[in-house]
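Participant: here is a sequence with its predicted model. Questions after.
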Amino acid sequence: MGIQAVIIVIEGCDQAGKQTQAGLLAGALNRKGRKARVFAFPDYTTPVGKMMKKQLEGRGFEPRVFHCLAAANRWEKAGEIRAASSGGSVAILDRYRQSNMVYGVLNGLSRRWLAGLDAGLPRADVVILLDIKQKEAFRRKPSGRDPSSGTHHSPSRWQQNTGGPPRQAGGRLWTRRAQRTRCTAG
Ligand SMILES: Cc1cn([C@H]2C[C@H](O)[C@@H](COP(=O)(O)OP(=O)(O)O)O2)c(=O)[nH]c1=O
């Protein structure tokens, strides 16, 4: 029997170190003789990614449009992710559908609606959540946060939407989704 496809997702708030850990993991797998490719989302190089960038930079940030685009951005890459995770190779995803769920809920959107956008995409085998405190995230990046970020809005706004501070609410959602993900990687 051949080696299973492996998709590893690394999630977490802004500045959690996702890119760094994705790179380290790819390097470690390469040294063990496994092919590994890192995909970072949003991928701003694609046509949809360029639209996301405009949404993040523009004044008229519209959550429904942004989260649709974020899902479409993954669909643009679905074929490449499938190819990169086949035949014993590993696809490492720096943010994936879990981000849309967490930030989407924090933006006041329904889980069902958000889940529908990503339904059918390649599924993760492992989801790793890098959990850092909001204070530490702000220490690493004090300003210039984008409008979809769970640390962008004032705590009171998030309190209204989620019943808790962003990291806590995000953490709970991320954890719940991560627990549901069956771990099949060896
Ligand atoms: C991938 C993704 C990101 N996001 C949010 C998280 C961030 O606040 C924002 C931008 O992502 P981020 O990881 O901060 O990208 P970069 O640092 O390269 O600009 O988009 C979603 O809301 N849904 C998604 O599916």
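Facilitator: Perfect, thanks for sending it. Numbering: from 1, shown residues only.
Participant: quick check: residues of the chain near the ligand?
Facilitator: On the criterion C-beta under 6 Å from any ligand atom, the ligand has as its neighbours in the chain the residues 14, 41-42, 70, 95, 99-100, 103, 146, 148-149. (C-beta placed from N, C-alpha, C; glycine too.)
Participant: the bottom helix or strand of the chain by mean pLDDT?
Facilitator: helix 155-162 (a mean of 43; mean pLDDT, DSSP states H and E).
Participant: host element of the nearest residue to residue 117 once chain neighbours are set aside?
Facilitator: Computed as C-beta to C-beta, 6 or more residues apart in numbering, the closest residue to residue 117 that is not its neighbour in sequence is residue 71, at 3.6 Å. Counting by DSSP states H and E, the secondary-structure element that holds residue 71 is helix 63-84.
Participant: ramachandran coordinates for residue 45?
Facilitator: Here is the backbone geometry of residue 45 (degrees, to the nearest 10): phi -80, psi -20.
Participant: also residue 37?
Facilitator: Dihedral angles for residue 37 - degrees, to the nearest 10 - are phi -130, psi 130.
Participant: over to residue 62?
Facilitator: Listed backbone geometry of residue 62 is phi -120, psi 110, with angles given as degrees, to the nearest 10.
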